[in-house]
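Trainee: I would like to see how this sequence folds:
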Amino acid sequence: MSDLLIRNIRTIVSGDVEAPIADGDTIVVRDGVILSVGDEASADGSGISAVIDAAGATVMPGFCDNHTHPVLGEFTPRQNQVGFIDSYLHGGTTTMLSAGEPHTPGRPTDPAGAKALAIVAHRSFANLRPSGVKVHAGAVLLEPGLTEDDFREMAAAGVTLVGEIGISGVKDADVAAEMTRWAQGSGMRVMVHTGGASIPGSGIIGADFVVAVQPDVAGHVNGGPTALPLDHVERILQETSARVEIVHNGNVKAAGEVAALVAHRGEMHRLVVGTDSPAGSGVQPLGMLRTVSWIAALGGIDPAIAVAAATGNVAALHGLHTGIIATGLEADLLVVDAPLGSQAADALGALAIGDTPAVVSAIIDGSPRFTKSRNTPPGTRPVSFSG
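Mentor: Next up is the predicted model:
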């Protein structure tokens, strides 16, 4: 946990979909928690030696990736690659949520094995934060034979997630609905796979299944890899209380259409963002940045609200104390700017025209993890670091 002062901020993007821009030019962090957001004249930075002079750049919350497929550590067997979580940090991701560990070699499909895998994945990442990234892993994949007591046992062990229903053994909507009630009754958040088949054993899932199951999230409605018809997305919004998720590993055109639909309905609080990776399309370090730019540029969404879909909305779904720049919350922040050479004047302008902003620094619990992203272009402003 660290103390930090960030000054000379041009725009503070709050991550709150209801109030997406925060007033002020200075953020003070004490013991890893945001102490104040406001004007430098009233900020109490006494005793803080670590200072970032943003030089007119933008500060926003670190991205919360709602859809990842970790296994253990930073190894992804799907792509036979290590170190991928650190690369995501350099793309602005500070929190990751698992949608299941289906790529685990020899993944057990019996109830005892499914339960054990969820618990060990959760416990493993509870003890490990690669590059400081907060990975919420251990999303149980539903298999026939799981009982209500199994969900209570997993919840007691700390498991809070149910992975994509439809990519594991449970395919029947009635069985899935019953297990969903058990999971939600134990405080878990439930995701349903939607669209076309993504891995062997998965199938095509549309609005009928989602309406029958009533999950917390309809996963990758813009495709993972193929998108739902837009009228199916509208049915999900009308007939369930589920969030709808847009991911990088999907249909780019559909991402814009879904975002525009959700905005037209006045329900932007129900839109969440993930990468759906690592997956067949690979490791996607800039997946969150790029997906937010699609929402803004192709969906016609205010860029600051698009950022909220990838930060505060995800945090609200999972009850996390991050994702919004506000007093008392964890100081997981990004200093971002228009990339060098962009036609845009700042990071929000870059998102609005479909450019990928420069990540100057990612900060977790008040501690800057780097001062130059290795995965984005440099920014246009001379951001400086001291202390």
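
Trainee: and residue 369, how far is that from residue 331?
Mentor: From residue 369 across to residue 331, the span is 12 Å (Cβ to Cβ, to the nearest Å). Heads up, the C-betas are built off the backbone N, CA and C, glycines and all.

Trainee: swap that for residue 325, please
Mentor: Taking Cβ to Cβ as the criterion, residue 325 is separated from residue 331 by 9 Å.

Trainee: out of residue 369 and residue 331, which sits in the busier spot?
Mentor: For residue 369 against residue 331, the residue with the higher neighbour count under other Cβ atoms under 10 Å is residue 331, and the figures read 28 against 17.

Trainee: quick one: contacts for that one?
Mentor: 4, 27, 29, 32, 33, 34, 363, 364, 365, 366 (Cβ atoms under 8 Å, 6 or more residues apart in numbering).

Trainee: How confident was the prediction at it?
Mentor: The predicted local distance difference test score for residue 331 is 98.

Trainee: ok, now the one 4 residues further on?
Mentor: If you check residue 335, the pLDDT there is 98.

Trainee: can you tell me the helix or strand for it?
Mentor: strand 333-337 (DSSP states H and E).

Trainee: what does residue 122 give?
Mentor: With secondary structure defined by DSSP H and E, residue 122 is part of helix 111-126.

Trainee: how about the helices of the stretch 151-300 of the chain, start to end?
Mentor: Remark: helices assigned in the stretch 151-300 of the chain by DSSP state H, counting those that start in this stretch are 173-185, 207-213, 230-239, 252-264, 287-299.

Trainee: where does the stretch 101-250 of the chain dip in pLDDT?
Mentor: Segments of the stretch 101-250 of the chain classed as low confidence (criterion: pLDDT under 70) are 197-203.

Trainee: 90 instead, please
Mentor: Within the stretch 101-250 of the chain, the set of residues satisfying pLDDT under 90 comprises 195-204, 224-225.

Trainee: number of nearby residues for the residue lying closest to residue 374 once chain neighbours are set aside?
Mentor: On the basis of Cβ to Cβ, 6 or more residues apart in numbering, the spatially nearest residue to residue 374 that is not a chain neighbour turns out to be residue 90, at 5.3 Å. Counted by other Cβ under 10 Å, the residues lying close to residue 90 total 19.

Trainee: Could you do the one 5 residues further on as well?
Mentor: When neighbours are defined as other Cβ under 10 Å, residue 95 has 25 of them.

Trainee: Just the mean pLDDT for the strand or helix carrying it, thanks.
Mentor: When secondary structure is defined using DSSP H and E, the element that contains residue 95 is strand 93-98. Mean per-residue pLDDT for strand 93-98: 98.

Trainee: Just the angle for it relative to strand 333-337, thanks.
Mentor: Orientation check (axes from the mean of the first three to the mean of the last three Cα atoms, to 10 degrees): strand 93-98 against strand 333-337 gives 120 degrees.

Trainee: Show which residues not belonging to strand 93-98 make contact with it.
Mentor: By Cβ under 8 Å, 6+ apart, the surrounding residues in contact with strand 93-98 are 61-70, 85, 88, 121, 132-139, 161, 163, 274, 285, 288, 314-315, 318, 320, 322-323, 332, 334, 362-364.

Trainee: Would you give the sheet partners of it, along with the direction of each?
Mentor: Strand 93-98 has these partner strands in its sheet, going by DSSP bridges: strand 63-68 (parallel), strand 134-136 (parallel).

Trainee: what about those strands, which gets the closest to residue 211?
Mentor: Each of the strands paired with strand 93-98 was checked against residue 211 via Cβ to Cβ, and the shortest separation belongs to strand 63-68, namely 20.8 Å.

Trainee: what sits up against the closest one?
Mentor: Residues beyond strand 63-68 that count as contacts (Cβ under 8 Å, 6+ apart) turn out to be 88, 91-99, 135, 191, 217, 219-220, 245, 247, 272-278, 287-289, 292, 310-311, 314-315, 317-318, 320, 322-323, 334.

Trainee: ok now stretch 277-288, how far from the chain's centre?
Mentor: Between the mean C-alpha location of stretch 277-288 and the chain-wide mean there is a distance of 13 Å, by Cα atoms, centre = their mean, to the nearest Å.

Trainee: scratch that, stretch 78-89 is what I was asking about
Mentor: The chain centroid and the centroid of stretch 78-89 are separated by 16 Å under Cα atoms, centre = their mean.

Trainee: ends of it, how far apart?
Mentor: One end of stretch 78-89 sits 20 Å from the other (Cα to Cα, to the nearest Å).

Trainee: Same question for stretch 236-253.
Mentor: 19 Å.

Trainee: Off-centre distance for it?
Mentor: Relative to its chain's centre, stretch 236-253 lies at 14 Å (Cα atoms, centre = their mean).

Trainee: Buried residues, it. List them.
Mentor: For stretch 236-253, the neighbour count (16 or more other Cβ atoms under 10 Å) marks 236-237, 240, 242-251 as buried.

Trainee: Report the two of those residues separated the most.
Mentor: Checked with Cβ to Cβ, the buried residues of stretch 236-253 reach their widest spread between 240 and 248, with 23.7 Å between them.

Trainee: Please export the C-alpha coordinates of the helix holding residue 122 as CSV.
Mentor: Coordinates of the C-alpha atoms in helix 111-126 are reproduced here as CSV (Å, rounded to 0.1, in the frame of the first residue of the first chain):
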residue,chain,number,x,y,z
PRO,A,111,-18.7,-33.0,-9.5
ALA,A,112,-15.9,-33.5,-7.0
GLY,A,113,-13.2,-32.5,-9.6
ALA,A,114,-15.2,-29.4,-10.8
LYS,A,115,-15.6,-28.2,-7.3
ALA,A,116,-11.9,-28.8,-6.4
LEU,A,117,-10.7,-27.0,-9.5
ALA,A,118,-12.8,-23.9,-8.6
ILE,A,119,-11.5,-23.9,-5.0
VAL,A,120,-7.8,-24.4,-5.9
ALA,A,121,-7.9,-21.7,-8.7
HIS,A,122,-9.6,-19.2,-6.3
ARG,A,123,-7.1,-20.0,-3.5
SER,A,124,-4.1,-19.9,-5.8
PHE,A,125,-4.8,-16.4,-7.0
ALA,A,126,-5.8,-15.2,-3.6
